[in-house]
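I would like the atomic coordinates for the input below:
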Amino acid sequence: MINTREMAEEYRLSHWAQIMRERVESGLSINGFCKQIGICGNTYFYWQRKLRETAAKQITQEIAAESQALVPNGWAVCEETRAELEPEESAVSIEIGKCHVKVDAGTDPELLAKVCRVLMSLC
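Take a look at the predicted model:
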């Protein structure tokens with residue numbers, strides 16, 4: 001059951017997500033938009049960071065639920081070994097920040113997309 005504090009937080013996140021959508025649709029810079037609607041730029045950036053953290057947490061939880069694995073400290077470690085893969089088969093190595101992800105033909109594209117979104121939001 002959701003408590004009132006969680007409901008208030010969800011409302012505030014929803015409210016600020018709408019403000020940020022309006023800023024993008026306006027075509028104005030962040031500072032210009034903040035001046036136009038009368039809010040402090042620091043407030044805008046605070047809520048932008050909160051929204052990104054919340055999105056990263058939700059994606060991480062989805063990945064953990066799908067893989068039935070624990071995800072420590074917001075990072076997802078996906079490792080798959082397949083007996084039929086030969087060492088000389090081609091693979092792609094992706095670097096996002098300090099994280100390295102090795103992708104081969106057997107990698108699930110949806111899982112890879114989610115992992116990349118999480119890593120990019122954390123960098």
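
Can you list the residue ranges for strands in this protein?
With DSSP state E, the ranges of strands along the chain come out as 92-96, 99-103.

With mean neighbour count added, can I get those in TSV?
From N, CA and C alone the C-beta is placed, and that goes for glycine too. Listed next are these as TSV, based on neighbours: other C-beta atoms under 10 Å:
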stretch	mean neighbour count
strand 92-96	11
strand 99-103	14
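
Can you flag the weakest of those strands by average pLDDT?
Per-stretch mean pLDDT for those is lowest at strand 92-96 (a mean of 70).

Worst mean pLDDT across the helices and strands of the protein, which element?
strand 92-96 (a mean of 70; mean pLDDT, DSSP states H and E).

quick revisit: let's have the strands of the chain in a markdown table, adding distance to Q36.
Formatted as a markdown table, those follow (distance: least, C-beta to C-beta, whole Å):
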| stretch | distance to Q36 |
| --- | --- |
| strand 92-96 | 34 |
| strand 99-103 | 38 |
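
list the contacts for R117?
By C-beta atoms under 8 Å, 6 or more residues apart in numbering, R117 lies in contact with I59.

shaky segments in the chain?
1-2, 64-90, 95-98, 120-123 (pLDDT under 70).

Show me what counts as buried in the longest helix seen in it.
In the chain, taking DSSP state H as the definition, the longest helix is helix 41-67. If you call a residue buried by 16 or more other C-beta atoms under 10 Å, then helix 41-67 has these buried ones: 44, 47-48, 51, 56, 59-60, 63.

I am finished for the moment; much appreciated.
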